[in-house]
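> here are the coordinates; sequence isn't available:
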């Protein structure tokens, strides 16, 4: 019997992200959440943060697979949960900018970008239709003047980023 890194169990975000990279395969649709779903997730996060009694929140299922079986880079394909994970990564990018400088590198290494200089990779890579736009949106702090949206998934990423930024 092989040792599996994931199973059907509840995990906290740091445990999910630790030493793992995530990829949305090209056969998956682009980012599809609308304002309503993003607002609901943000409301849940806000409730979790403001309620001193609530220690956990079930955010949904994340179904992952290895593209070619187990690999040494710990790259997982997202089979289900990409909308939620993409929105949470957007939250993490925006949250990171508000952390003290002394905490940003540790936070970034866990949730946002990994790899040696010149070989960095975002922890979450969306499908080829949306990845570059997603990176420019997040790194440009929502400024996409030189990179206008060309598809519905891009428009929805802008709405998501805007809602998260307002929180």
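Nice, thanks for sending it over. As the structure is a computational prediction, the values presented were derived from the model and not from experiment.
> what about the strands in the protein?
Counting by DSSP state E, the chain has strands at residues 21-23, 63-65, 75-80, 113-114, 121-122, 124-125.
> which stretch in these is the model least sure about?
Here the lowest mean pLDDT among the strands of the chain goes to strand 63-65, at a mean of 87.
> tell me which other helices or strands that one touches.
strand 75-80 (3 or more CB pairs under 8 Å, 6 or more residues apart in numbering; DSSP states H and E). C-beta here means a position set from N, CA and C on the backbone, and glycine is covered the same way.
> ok, the strand it packs on: who's next to it in the sheet?
strand 21-23 (parallel), strand 63-65 (antiparallel) (DSSP bridges).
> for residue 98, which of the strands of the chain is the nearest?
Across the strands of the chain, residue 98 has its closest neighbour in strand 113-114 (17.2 Å, CB to CB).
> how far does the closest one sit from its chain's centre?
The gap between where strand 113-114 is centred and where its chain is centred comes out at 12 Å by CA atoms, centre = their mean, to the nearest Å.
> equivalent analysis for stretch 105-121, please.
Per CA atoms, centre = their mean, the centroid offset for stretch 105-121 relative to its chain is 14 Å.
> ok, stretch 142-152 next?
For stretch 142-152, the distance to the chain centre is 19 Å (CA atoms, centre = their mean).
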